[in-house]
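> What shape does this take:
(chains A and B)
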Amino acid sequence: MIEIQRIKENKEEVLLGLSKRNIDAKQEVEQIIALDHDWRLKKTQLQDVETELNAISKQIGVLFSTGKQEEAKVLKSKTGALKEALQAFKIEEEALEKKIQDVLFTLPNVCTQEVPAGKDETANEIIEEFGTSPSLEEAPLPHWELAKEYTLIDFELGVKVTGAGFPFYRGQGARFQRALVSFFLDEAVDAGYEEFISPLMVNENSGKGTGQLPDKEGQMYYIGADDLYLIPTAEVPLTNIYRDVILPDPNFSIKLTGHTPCFRREAGSYGKDVRGLNRLHQFEKVEIVRIETPENSEKALHEMIDHIKSLLQKLGLQYRVLRLCGGDTGFAAAITYDFEVYSAAQEKWLEVSSVSRFDTFQSNRLKLRFKDENKKSRLCHTLNGSALALPRIMAALLENNQVPTGINIPEPLRKYTGFDMITKK
RNA sequence: GGAGAGGUGGCAGAGUGGUUGAACGCGCACGCUUGGAAAGCGUGUUUACGGAAACGUAACGGGGGUUCGAAUCCCCCUCUCUCCGCCA
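Model (predicted):
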């Protein structure tokens, strides 16, 4: 959540950043400032009473130990009223604090200066395009047709065993996916990210830490019997490694990566956009996560962007980079860049990566801090990005690399697949 | 799942109702000492909030209770360890 200090000190900047999301938060911001003022006042009053009560208790202790029972009794009788006052102040103070939290929780992150204002994806800015569409034979097949023809993915089996959106990958399809995962992980490790295999379920505190809870509760699968959530992305377990951590000095740059399945309920999705691999309840993704000082986070963001570009270029995919407008930027992000690859058979752009800077929005919830040069605790910046999400990359590669005799495997993947081309068996 | 033991500062580990935010030790930082180092000596060394500061308040796994006063007593939850059971 937004730091309350920032709201107080840079009210206009906060309002401007939120306005890019089409949100007028003037009322909430004023309310928070007023509540915070009241809370401070109440807190001081509360502490005054506590000070007095502590002093009396101390005196009683001394009196007892010196055998002055009578004097102690007199003092004791004075504490009743104070305790009542203490209770009252405490209740008021806690109520105020909760109210502030409640309002704060409703506010999304403040968008940065470069984020374009706008309501939906039509306002996103295309900032870069790379590559050209492959020249395919007439009537290229969409990936779900190719998947059937070469027995790569079985959607019907998934429906039988689990339900829609849970496909089986099989044979060369399974191998192809595994090759992509290995390639992405190796590239990340080469770029200095530490590889993790993480839990696939997380507790409530972790969900809150990265901002999925409470605002996206309905999007996660929930295991009621054990009070756990299936992860919607590796971002959640990876970032939460650093929940409640204070890094001891300002010279750090934490780079994590992990490959996990991602589980998303995708409530309300339907239609042709969900055809084939375009939208699934379970899919695989390699995620990269970074924890940086505020001074370094913008640089880190661009390193991540460059990393993703290089992956797409090595795979020979045509892509474009979008800077999302405020309305399309996720709740916790300050700025987000999306990567889309061109799917030649479907003739459309598919989102394959989303890279975001969260500034202190997550770390404020996570209580993830570092000691600066003056040994002061400051909140870290967190960032993450997909590098990459598997299904749509697979869809694009299948479609774009189809030839009459099969489907060509991009060169960098061949050492992982063990074959150069997907063929009919 | 059953039985027992336990969760205290960076670590190790005292502390069973009173000036204990917490002994002693290790580690760490700074200083003294030294040609330099070690040893030695001294000082310091949790976090959050309020405050310009002095200082104050809170926190001994989490939550609640008893009490003038709780790390210490009571209740609930949770986690760890040991033994048993089960098991890829």
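
> tell me the helices in the stretch 151-300 of chain A, going along the chain?
All helices of the stretch 151-300 of chain A, identified by DSSP state H, counting those that start in this stretch, fall at A:155-161, A:171-190, A:204-210, A:235-240, A:297-314.

> and of those, who's closest to RNA strand B?
Nearest of the helices of the stretch 151-300 of chain A to RNA strand B, taken as CB to the nearest atom of the strand: helix A:204-210 at 10.7 Å. Every residue, glycine included, has its C-beta placed from N, CA and C.

> Now distance to RNA strand B, mean neighbour count and mean pLDDT too, for the helices of the stretch 151-300 of chain A, in TSV please.
Compiled in TSV, the helices of the stretch 151-300 of chain A are given as follows (distance: least, CB to the nearest atom of the strand, whole Å; neighbours: other CB atoms under 10 Å; pLDDT from 0 to 100):
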stretch	distance to RNA strand B	mean neighbour count	mean pLDDT
helix A:155-161	20	14	93
helix A:171-190	20	19	97
helix A:204-210	11	20	88
helix A:235-240	15	26	94
helix A:297-314	19	18	97
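
> Around RNA strand B, which positions in chain A sit nearby?
Within chain A, the positions near RNA strand B by CB under 7 Å from any atom of the strand are A:40, A:43-44, A:46-47, A:50-51, A:53-58, A:60-62, A:64-65, A:76, A:79, A:83, A:246, A:369, A:371, A:377.

> Please produce a ChimeraX select command covering the buried subset of those.
Remark: buried members of the residues of chain A next to RNA strand B, expressed as a ChimeraX selection using 16 or more other CB atoms under 10 Å:
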select /A:46,53,60,369
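
> For burial, what's the neighbour tally of the closest residue to A:R21 other than its chain neighbours?
Using CB to CB, 6 or more residues apart in numbering and skipping residues adjacent in sequence, the residue nearest A:R21 is A:G326, 3.9 Å away. A count of nearby residues for A:G326, using other CB atoms under 10 Å, gives 23.

> what do you get for the one 10 residues further on?
Each residue near A:T336 was counted by other CB under 10 Å, and the total is 23.

> That one touches A:S354, doesn't it?
Yes - counting by CB atoms under 8 Å, A:S354 is a contact partner of A:T336 at 5.9 Å.

> residues touching the residue nearest to A:R21, list them.
A:G326 makes contacts with A:S19, A:K20, A:R21, A:N22, A:C111, A:V115, A:P116, A:A117, A:G118, as judged by CB atoms under 8 Å, 6 or more residues apart in numbering.

> Secondary structure element for the residue of the stretch 51-200 of chain A found nearest RNA strand B, which one?
Residue nearest to RNA strand B within the stretch 51-200 of chain A: A:G61 (3.0 Å; CB to the nearest atom of the strand). Element membership for A:G61, per DSSP states H and E: helix A:26-65.

> Considering only the stretch 201-350 of chain A, name the residue that lies closest to RNA strand B.
For the stretch 201-350 of chain A, CB to the nearest atom of the strand, closest residue to RNA strand B: A:I246, 6.0 Å.

> Just confirm that residue contacts A:K376, I think it does.
No - with contact defined as CB under 8 Å, A:I246 does not reach A:K376; the gap is 10.9 Å.
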